[in-house]
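# Fold the following.
(2 chains)
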Amino acid sequence: MSTKVRRVYGYLAEFKNASQLYKAAEKVRDAGFKKWDCYTPYPVHGLDDAMGVKRSVLPYFVFFGGLTGFLTAIALAYTTQVGLYPTVVQGKPANIFTTAAFFPVMFELTILFSGFTVLFGLLALMGLPRWNHPIFASKQFARVTDDKFFIAIEARDAKFSAESTKALLAEIGGDNIELVEDDSE
Amino acid sequence: MAHQVTSKDIPINGEHLEKGKIATLQMICGGIGGLGLIASIIYLIVGSGQAHGSYAFSWLFAVFFITTIVLGGCFWTFLHNLSNSGWGTSVRRLMENLGFVFPFLVVFFIPFLFPNVQQYLYEWMTAYRDVVGDSGNAKEALLHDSDPHNHLLAAKVFYLEPLFWYGRFVFYFAGLGFFIFLVRKFSIAQDTDDKPGTKNLFAARKHSSWSMIIFGVTLTFLALDFVMALDYSWFSTMFGVYVFAGSALNSMAVLILTGIFLQKMGYLKNVVTQEHYHIMGKLCFAFTVFWAYVSFSQFFLIWYANITEETRYFLLRNTENWNILSLMLVFMHFGLPFLALLRSDVKKSAKFMTIFCFYILFMHVLDVYHMIIPERGPSVGLVIDHHPQLWISGSWLGDILALVIAVCAFLFLYLRNLTSAALYPHRDPRILESANLHN
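Next up is the predicted model:
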């Protein structure tokens, strides 16, 4: 028998269908929990409202990512093509009036940097990539990819308590309520 | 979540715009538009002299501005049906009403059928008439003419041929005019259908398919025949797309404005929400970018390749003060709207979108001005010391007059369409889906 001390991840409760989960999510939100999540086999419309999820900050990152790309392109084009090594192509001048020729570069780099900011910003905000997630310790959780809906309330949440949280999940219609323990090292 | 709209919220006979509420506006618009239209047509047909030539350009500018907006209405109607969309069912009737102004526009185009107007606008017609005359082979006649400019026309004479031109004119208004009428008719027939099903909806979808092709052909070649042909030596394969981009953007702006004003008057309350304005705002944003993309591509390829017969269009528009207008379009038709529409909350704000839509429509006026009016100086103006004049003093008065007349006449027709049927298709199977839209 192992005597290892295990950290409690939180409670996991199973729901039969999307509408049950939706109503339960509204109640968990109203109870004031912050660190919790819903798990579903497919996207449920309006669930983010039911969960009280706020708008992501990602668009602001993307805006400044795109702006960085735009300014990088301007700096790149003008220092190389106008400042350091002016090249006459197709009889075009190498000065401010060449700007039209640099537009494709500005356009591409704005998009490239925005795209990178979306990808890496999204990964960072989601905490990805990671090797494992504590919730995988639950055996029943495998059915989330098939036909079951789950709500997990984390022990890290300030409102979490061993008894009342379990009672809340039972009250809002959760079945098979399970205390998930983190089995990773 | 907001209140769920159910079939109880939809009036059984639909919402109708009360004629009394807009009677004054419609009367004023009809008065100015109608009288102005008749006066303009008569003046253009019988007039002569420099002011007459100048007004021919003003009239083309004003009419083409209205035409692009109306064509955009046709586009959104067909696209909505064709893509089987559910979101816009509650604003679809507005699109249909905007598009259905098109058949009436033929009246605006009457002056262009007369050689007295064509002589200023379409120099190729004059050249054709002078050179070809009665000779059987137009190409040979042009090719062996003493004026070398006509040799360029010889290469294009298969298309720039007056009889073919008149044929195309009929095709535009008969073809697209009929199809927008047909698609709108299906939609309205559904309003009074005793057994509201999908019959009319599917018929509208089916007929929108070839209508979309007719639309594409009409918009492209209408732009070619009436605007690009102002200088027959110039050509750009992107011109049709360029006109289309502005057309789709600005008709969407008109649709948003109509929606906002109708809601202010107490209509469409149950079926149009912020979500619709959000989607329409997003479409505006997309077409702002698309307009910039297309117009820049057109400029860029011509600028880079630097081939004599292609550069004339931009040479003219980058000379002296026209350059200011060209630069203004870059920053104010693209830069500013792009930044302004980035945030989602501004697209949902009726107040902001009202300002924005009027702004973008004003930019579109400048865009159409930029397409047409620079040709006026060289075509009608004096040639002083071998330099054709770029600007005819006082001609802007005619531009404003023509614009006011055309906009008033357009508003009259649009309001007439709005009152002639229910404001939204209340028996469409997807009206509730649209009313409860969430994006």
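# Burial check on the residue in chain A positioned nearest to chain B, number of neighbours?
At 5.7 Å from chain B, A:A100 is the closest residue in chain A, using Cβ to the nearest Cβ. Heads up, the C-betas are built off the backbone N, CA and C, glycines and all. A:A100: 13 surrounding residues under other Cβ atoms under 10 Å in any protein chain shown.
# Break down chain A into its strands, ranges please.
A:7-15, A:36-39, A:149-154, A:175-182 (DSSP state E).
# Neighbours of residue 157, how many?
As the question left the chain open, I've gone with chain A. 15.
# please go with chain B instead
B:V157 has 23 neighbours, counted by other Cβ under 10 Å.
# And for A:T87?
A:T87 has 10 neighbours, counted by other Cβ under 10 Å.
# how close does the residue nearest in space to the middle of chain A get to A:G91?
By Cα atoms, centre = their mean, chain A has its centre lying nearest to A:M126, at 3.3 Å. In this view, A:M126 and A:G91 are 51 Å apart by Cβ to Cβ, to the nearest Å.
# pLDDT below threshold where in the stretch 101-250 of chain B?
B:134 (pLDDT under 70).
# any idea where the helices of it begin and end?
Along the stretch 101-250 of chain B, counting by DSSP state H, counting those that start in this stretch, helices occupy B:106-109, B:115-121, B:123-131, B:138-143, B:149-156, B:162-171, B:177-191, B:199-226, B:239-264.
# quick one, which of these is packed in tightest?
Per-stretch averages of neighbours, counted by mean count of other Cβ atoms under 10 Å in any protein chain shown, single out helix B:239-264 among those, with a mean of 22.
# now the residue in the stretch 301-439 of chain B that chain A sits nearest to, nearest residue through space, not along the chain?
Relative to chain A, the nearest point of the stretch 301-439 of chain B is B:W303 (5.7 Å; Cβ to the nearest Cβ). Using Cβ to Cβ, 6 or more residues apart in numbering or on different chains and skipping residues adjacent in sequence, the residue nearest B:W303 is A:A100, 5.7 Å away.
# follow-up on the earlier one: same list, the strands of chain A, but as TSV with mean neighbour count please.
Formatted as TSV, these follow (neighbours: other Cβ atoms under 10 Å in any protein chain shown):
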stretch	mean neighbour count
strand A:7-15	21
strand A:36-39	19
strand A:149-154	24
strand A:175-182	16
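# can you map out the strands along the stretch 301-439 of chain B?
Using DSSP state E, counting those that start in this stretch, the strands of the stretch 301-439 of chain B run over B:383-384, B:387-388.
# For A:G173, find the nearest of those strands.
strand B:387-388 (81.7 Å; Cβ to Cβ).
# and that closest one, which strands flank it?
Using DSSP bridges, strand B:387-388 pairs in its sheet with strand B:383-384 (antiparallel).
# about what we covered before: what's the residue of the stretch 301-439 of chain B closest to chain A in contact with, if anything?
Contacts here follow Cβ atoms under 8 Å, 6 or more residues apart in numbering or on different chains; on that basis B:W303 touches A:100, B:311, B:314.
# give the contact list for A:L128.
Contacts of A:L128 by Cβ under 8 Å, 6+ apart: none found.
# out of the strands of chain A, nearest to B:L143?
strand A:36-39 (75.9 Å).
# what's the closest one in contact with?
A:10, A:21, A:25, A:28, A:44, A:47, A:51, A:135, A:141, A:144, A:149-154, A:157.
# again with stretch A:78-85
Taking Cβ under 8 Å, 6+ apart as the rule, stretch A:78-85 contacts A:87, A:94-96, A:98, A:101-102.
# Could you do stretch B:41-56 as well?
In contact with stretch B:41-56 (Cβ under 8 Å, 6+ apart) are residues B:40, B:59, B:107, B:110-111, B:114, B:116-117, B:119-121, B:376, B:379-382, B:392, B:395, B:398, B:402.
# Please report phi then psi for the spatially most central residue of chain B.
Computing the C-alpha centroid of chain B and ranking residues by Cα atoms, centre = their mean puts B:T68 first, at 0.7 Å. Dihedral angles of B:T68 (phi, psi; degrees, to the nearest 10) stand at phi -60, psi -40.
# And it, what's its pLDDT?
On pLDDT, B:T68 comes in at 95.
# Might you report the residue contacts of it?
Contacts for B:T68 (Cβ under 8 Å, 6+ apart) come out as B:243, B:246-247, B:250-251, B:364, B:368.
# can you tell me which two in those are farthest apart?
Using Cβ to Cβ, the pair of these lying farthest apart is B:S251 and B:V368, separated by 13.4 Å.
# Can you pull the domain assignment for chain A?
Following automatic domain parsing, one gets these domains for chain A: A:7-53+A:131-182, A:74-126.
# export those to TSV and tack on mean pLDDT?
Compiled in TSV, these are given as follows (pLDDT from 0 to 100):
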stretch	mean pLDDT
domain A:7-53+A:131-182	86
domain A:74-126	90
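# okay, these, which one's buried deepest?
Most buried among the domains of chain A, given mean count of other Cβ under 10 Å as the contact rule, is domain A:7-53+A:131-182, at a mean of 16.
# Can you give me the end-to-end span of that domain?
Separation of the first and last residues of domain A:7-53+A:131-182 by Cα to Cα, to the nearest Å is 5 Å.
# Quick one: name the residues of chain A near chain B.
Within chain A, the residues that sit near chain B (Cβ under 8 Å from any Cβ of the partner chain) are A:45-46, A:49, A:63, A:90-92, A:100-101, A:103-104.
# looking at the strands of the stretch 301-439 of chain B, which is closest to B:H426?
It's strand B:387-388; of the strands of the stretch 301-439 of chain B, that one is closest to B:H426 (Cβ to Cβ) at 57.5 Å.
# returning to what we had before: the residue of chain A closest to chain B reaches B:L301, doesn't it?
No: if you go by Cβ atoms under 8 Å, A:A100 and B:L301 don't touch, sitting 10.6 Å apart.
# Spit out the residues that contact those two alike.
Joint contacts of A:A100 and B:L301 (Cβ under 8 Å, 6+ apart) do not exist.
# tell me the contacts of the residue of the stretch 101-250 of chain B found nearest chain A?
Closest contact between the stretch 101-250 of chain B and chain A, by Cβ to the nearest Cβ, is at B:M238 (15.3 Å). Residues in contact with B:M238, defined by Cβ under 8 Å, 6+ apart, are B:294, B:297-298, B:301.
# So it versus B:E310, what's the distance?
Applying Cβ to Cβ to B:M238 and B:E310 gives a distance of 11 Å.
# contacting residues for B:L176?
When contacts are counted by Cβ under 8 Å, 6+ apart, B:L176 is found next to B:71, B:74, B:102, B:211, B:214-215, B:218.
# what does B:W87 give?
So B:W87 contacts B:275-276, B:279, B:433-434, B:437, B:439 (Cβ under 8 Å, 6+ apart).
# Thanks a lot, see you next time.
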